[in-house]
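Participant: here is my input, please return the structure:
(chains A and B)
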Amino acid sequence: QKEVEQNSGPLSVPEGAIASLNCTYSDRGSQSFFWYRQYSGKSPELIMSIYSNGDKEDGRFTAQLNKASQYVSLLIRDSQPSDSATYLCAVNSGGSNYKLTFGKGTLLTVNP
Amino acid sequence: GAVVSQHPSWVICKSGTSVKIECRSLDFQATTMFWYRQFPKQSLMLMATSNEGSKATYEQGVEKDKFLINHASLTLSTLTVTSAHPEDSSFYICSGRRRGKFFGQGTRLTVV
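Facilitator: Numbers count the residues shown, from 1 in each chain, chains lettered A, B, ... in the order given. Below you'll find the predicted structure:
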């Protein structure tokens, strides 16, 4: 069974700090990886997608992928209170079918 | 990004009744849509894959006779929860298959 593991947290960081979120996955055939932000009671919102090994940066967010270690991470620089949410890691093992397997999410709290 | 609209945002129904949830792709044609369910403090779990013009594919453990899916056009998929019970109370979310990344706003179903 394909699994995606995340530390459930909560992860608490002060405003302006770097928040580091981690995710591991079991299916070596996984091809694409996504980070979503979900506020309480709301639908997930796509933050980052990454497809190849290395880093991908978008504003304050950096996604890192290491397929050999089956590991994906998300760094949030200059964390803001508005970043407080649950972050979901999702892995596509279905190729072009894009069936996503989600982790349980990490609750991040950014303290002013 | 691709826009997926879901309706209603929330619904309360009596036990034993049926509820229909709509998922529309507003700016792209979705031959495939995905239906997820999320219980409190849990991650998204894929329920079924909806295919335009053909039968839906259900994940293991999901009752196809209870969760009826219709995908009659390239822009609309519907999920009907039949004979709803309190244990069906959950957050139901659809996504359109434009790389499977973009989600509707979600429907909070409460069965009383």
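
Participant: C-alpha from now on. contacts and neighbour counts both.
Facilitator: Noted.

Participant: which non-adjacent residue is nearest B:V11?
Facilitator: Distance criterion Cα to Cα, 6 or more residues apart in numbering or on different chains; nearest residue to B:V11, sequence neighbours excluded, is B:L109 at 5.1 Å.

Participant: which helix or strand in the chain has the lowest average pLDDT?
Facilitator: If you meant another chain, say so; for now it's chain A. Within chain A, no helix or strand scores below strand A:100-102, which has a mean of 89 by mean pLDDT, DSSP states H and E.

Participant: can you look at chain B instead?
Facilitator: One helix or strand of chain B scores below all others by mean pLDDT, DSSP H and E: strand B:102-103, with a mean of 86.

Participant: and it, which strands flank it?
Facilitator: strand B:90-96 (antiparallel) (DSSP bridges).

Participant: and the strand it pairs with, which residues are buried?
Facilitator: For strand B:90-96, the neighbour count (16 or more other Cα atoms under 10 Å in any protein chain shown) marks B:90-96 as buried.

Participant: between those, which is nearest chain A?
Facilitator: Proximity of those to chain A (Cα to the nearest Cα) peaks at B:I93, which lies at 7.1 Å.

Participant: residues contacting the closest one?
Facilitator: Shown in contact with B:I93 (Cα atoms under 8 Å, 6 or more residues apart in numbering or on different chains): A:43, B:6, B:35-38, B:103-107.

Participant: one more time with 7 Å, if that's ok
Facilitator: With contacts taken as Cα atoms under 7 Å, 6 or more residues apart in numbering or on different chains, B:I93 has the following neighbours: B:35-37, B:103-107.

Participant: got it, and A:I18?
Facilitator: Residues in contact with A:I18 (Cα under 7 Å, 6+ apart) are A:75-79.

Participant: ok, and the closest non-adjacent residue to the closest residue to chain B within chain A?
Facilitator: Using Cα to the nearest Cα, the closest approach of chain A to chain B is made by A:K104 at 4.4 Å. The spatial neighbour of A:K104 that comes closest, neighbours along the chain excluded (Cα to Cα, 6+ apart), is B:S43 at 4.4 Å.

Participant: isn't that neighbour up against A:T101?
Facilitator: No - counting by Cα atoms under 7 Å, B:S43 does not reach A:T101; the two are 9.4 Å apart.

Participant: quick check: B:S83 is in a strand.
Facilitator: No - under DSSP: H, G, I helix; E, B strand; the rest coil, B:S83 sits outside any strand and is assigned coil.

Participant: neighbours around it, how many?
Facilitator: 14 (other Cα atoms under 10 Å in any protein chain shown).

Participant: list the residues that contact it.
Facilitator: By Cα under 7 Å, 6+ apart, the contact list for B:S83 reads B:15-18.

Participant: where does chain B get nearest to chain A, which residue?
Facilitator: Residue nearest to chain A within chain B: B:S43 (4.4 Å; Cα to the nearest Cα).

Participant: what is the burial count for B:L74?
Facilitator: Using other Cα under 10 Å, B:L74 is surrounded by 17 other residues.

Participant: from B:S50, how far off is it?
Facilitator: The spacing between B:L74 and B:S50, counted by Cα to Cα, to the nearest Å, is 11 Å.

Participant: correct me, but the residue nearest to B:V11 touches B:S9?
Facilitator: No - the criterion here is Cα under 7 Å, and B:L109 misses it with B:S9 at 8.6 Å.

Participant: sounds good, over and out.
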